[in-house]
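# The following comprises the amino acid sequence and a computationally predicted model.
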Amino acid sequence: MSRKSIISYSLSPIIVGAIGFIFIPVLARWLSEGDMAKFVIFQTNANFFILTVGLGLDQALVREFHEASSPRQLLKIILRLVFYAIPLGVLGLAFIKFYFDGAVSSSINAGMILACVLLLLNRIYSSYLRMSGDGVVYGIDIVTPKIFQILLIALIGSQSIVTLTYDIVISIFILSAMAALCYEIFMARRIGLIFELNNAGKEKKPLPRGLDLLRFGLPLIPGSLAYYAISASAIYVVGANGNPRELVTTSLAISLGGGLALLQAVFTTQWLPFAYRWYALKAPTALYRHVATIITMLCAFLLLASLFVLPYLSLLFPAKYSGLPELVVLVVVWNLLLPISIVGNFGIPVKRLSFQSMIISIVGAVLSIGMSLVANKYFGARGALQAVLLAFLVTLSWQCELSTKVWERVVAGHHYLMVGAMIGCGFLFSLGYAWEAEFLMVISIFLYFPKFRSSFIQAKKIYYSQINNR
């Protein structure tokens, strides 16, 4: 992989996350409270649509890309299966439309359904481009639509060309998704031809059958839904017990927290191609442990930076959305736990333990929903988000320990200690103890630094001596 691709893989998710961070306050400034509530529901339903109708096949594509004899043919098989499932997804949205009331029902229309279908296709093609190893092509694919969306919405809102509404925002999403899809189709064909030419004569596995892909992908759906339910449970719980403003405030916190946790997107984008390649090359498992230590330190630094920045977040929003920083910090922490767990539970996808991972995620979702219901009753939205954070901790720790049992231990005691410090800082800040949270994070980073330094040196030595030239 060229240096240009590595830089592009690193910068693209940062740019997307930064745009997402700006996008939410921009939208909240010009959309009415009712339309903002509908947009929140659109995001939730779109994610649900992609997770279910996608049949877990985007993950199957990632898993089989480098082992398939023809990635283009693999993509065709996956798209055919997805197109068979799209009508069922549309029926599901129609069911929600006719059997629910309020913003949930009014957010679903023909434009919204078209947007969901296009976003699903973008997801499949984007996974293909990501695994190709061409970071520039992938970066253009994920960054350009976001730039188009934010610029057009800002232009319409600031110049008062028309009143910005939910339907206009959905139309902008449709236009950007269609343009991205045209680019993705063209580049997927080009990359596929180059890949097949470069691998001509090399021994590759036969193309998997559609049934084989479904056997890998389908068990991931309940787990993915359950995993999504962990993070989305706070929205549903607060929305059921509160008013549209409280729902929007909680959703803003979840969106902004994800925007601040840019490391998650950067790391996830780069990790899977590298990790599967290392595994294929039989890299020492010590390398994975060193990477986990490095990523844990980077996550701790990002949390510390967030603690200093968050108090100024209220300046970006209307006064009606007060109290955001205390909620956002909890979301930042759980997003920062994800990169650590992705390294720690790498044994699960390697050993194809989709069913076991699904069970863990379902248990985590039930725990999250139950704890959120109780905490929201007594402590409001803050309590619901704190409950979600604890549910994430249980779920991710369980997955890491399962990976240890079936493969190798990657996440060890010092990783768990730093994770505990990060969660403690999140709770302190959410309760109004800002400087205490900052002090705890500084001390934790100072104590963790020797482990980080040692792992960085060892990881570099292993990579350049055993992997770089292979």
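Here it is on my side, so go on. Numbering: from 1, shown residues only.

# what residues are up against Cys425?
Cys425 makes contact with Leu303, Leu307, Val333, Ala437, Glu438, Leu440, Met441, Ser444 under the criterion Cβ atoms under 8 Å, 6 or more residues apart in numbering. C-beta coordinates here come from the backbone N, C-alpha and C atoms, glycine included.

# Break the protein into its domains for me.
Under the assignment automatic domain parsing, the domains of the chain span 1-210, 219-470.

# Return the most buried member of those domains.
Stretch with highest mean neighbour count among the domains of the chain: domain 219-470 (a mean of 19; mean count of other Cβ atoms under 10 Å).

# and the two most separated of the contacts of Cys425?
Val333 and Glu438 (13.9 Å; Cβ to Cβ).

# Show me where the stretch 351-470 of the chain dips below the pLDDT cut-off.
468-470 (pLDDT under 70).

# again, only using 80
Along the stretch 351-470 of the chain, the parts satisfying pLDDT under 80 run over 352, 354-355, 357-358, 466-470.

# As a check, name the ranges of all helices in it.
354-406, 413-430, 434-462 (DSSP state H, counting those that start in this stretch).

# Would you mind putting those helices into a markdown table with distance to Gly17 alongside?
Formatted as a markdown table, these follow (distance: least, Cβ to Cβ, whole Å):
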| stretch | distance to Gly17 |
| --- | --- |
| helix 354-406 | 19 |
| helix 413-430 | 19 |
| helix 434-462 | 21 |
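
# looking at those, which is closest to Gln270?
helix 434-462 (14.1 Å).

# Counting by contacts, list what that closest one packs against.
helix 285-309, helix 413-430 (3 or more Cβ pairs under 8 Å, 6 or more residues apart in numbering; DSSP states H and E).

# and the gap between Gln466 and Leu287?
8 Å (Cβ to Cβ, to the nearest Å).

# my read: Arg50 touches Arg123, true?
Quick fix: residue 50 is Ile, not Arg. Yes. In this structure, Ile50 is within contact of Arg123 by Cβ atoms under 8 Å, at 5.6 Å.

# And the closest residue to Pro25 other than its chain neighbours, how close does it get to Ile235?
Leaving aside its sequence neighbours, Pro25 sits nearest to Leu316 (Cβ to Cβ, 6 or more residues apart in numbering; 4.5 Å). According to Cβ to Cβ, Leu316 and Ile235 sit 21 Å apart.

# next one: Cys182
Cys182 is 33 Å from Ile235, by Cβ to Cβ.

# same deal with Ser444?
30 Å.

# ok, the residue nearest to Ala421 when sequence neighbours are not counted to Val419 distance?
Once flanking residues are discounted, Ala421 sits nearest to Ser444: 3.9 Å by Cβ to Cβ, 6+ apart. Applying Cβ to Cβ, the value for Ser444 to Val419 is 10 Å.

# Same question for Asp167.
For Asp167, the distance to Val419 equals 43 Å [Cβ to Cβ].

# again, but for Val309
Counting by Cβ to Cβ, the gap from Val309 to Val419 is 21 Å.

# just Ala412 next, same as before
According to Cβ to Cβ, Ala412 and Val419 sit 11 Å apart.

# same check, this time on Pro325
Per Cβ to Cβ, Pro325 is found 22 Å from Val419.

# what do you get for Ser430?
Distance, Ser430 to Val419, by Cβ to Cβ: 17 Å.

# With Ile360 instead?
Plainly put, Ile360 is 17 Å away from Val419 if you go by Cβ to Cβ.

# cool, and Tyr463?
The separation that Tyr463 has from Val419, given Cβ to Cβ, amounts to 25 Å.

# Ala46 too?
In this view, Ala46 and Val419 are 30 Å apart by Cβ to Cβ.

# Output the below-cut-off pLDDT ranges for the stretch 101-250 of the chain.
Ranges of the stretch 101-250 of the chain meeting pLDDT under 80: 101-107, 130-136, 157-162, 192-249.

# how about the helices in it?
According to DSSP H, counting those that start in this stretch, the helices that the stretch 101-250 of the chain contains are 102-106, 110-131, 135-159, 166-198, 210-217, 220-241, 244-260.

# any chance of those in a markdown table, with distance to Lys282 too?
Formatted as a markdown table, the helices of the stretch 101-250 of the chain follow (distance: least, Cβ to Cβ, whole Å):
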| stretch | distance to Lys282 |
| --- | --- |
| helix 102-106 | 50 |
| helix 110-131 | 20 |
| helix 135-159 | 25 |
| helix 166-198 | 22 |
| helix 210-217 | 22 |
| helix 220-241 | 26 |
| helix 244-260 | 35 |
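
# looking at those helices, which is closest to Val40?
Closest among those, using Cβ to Cβ: helix 244-260, at 4.2 Å.

# what is the orientation angle of the closest one with helix 354-406?
Helix 244-260 runs at 50 degrees relative to helix 354-406, counting by axes from the mean of the first three to the mean of the last three Cα atoms, to 10 degrees.

# Who are the packing partners of helix 244-260?
Counting contacts by 3+ Cβ pairs under 8 Å, 6+ apart, helix 244-260 packs against helix 3-30, helix 33-53, helix 220-241, helix 285-309, helix 324-344, helix 354-406.

# Alright, I will stop here.
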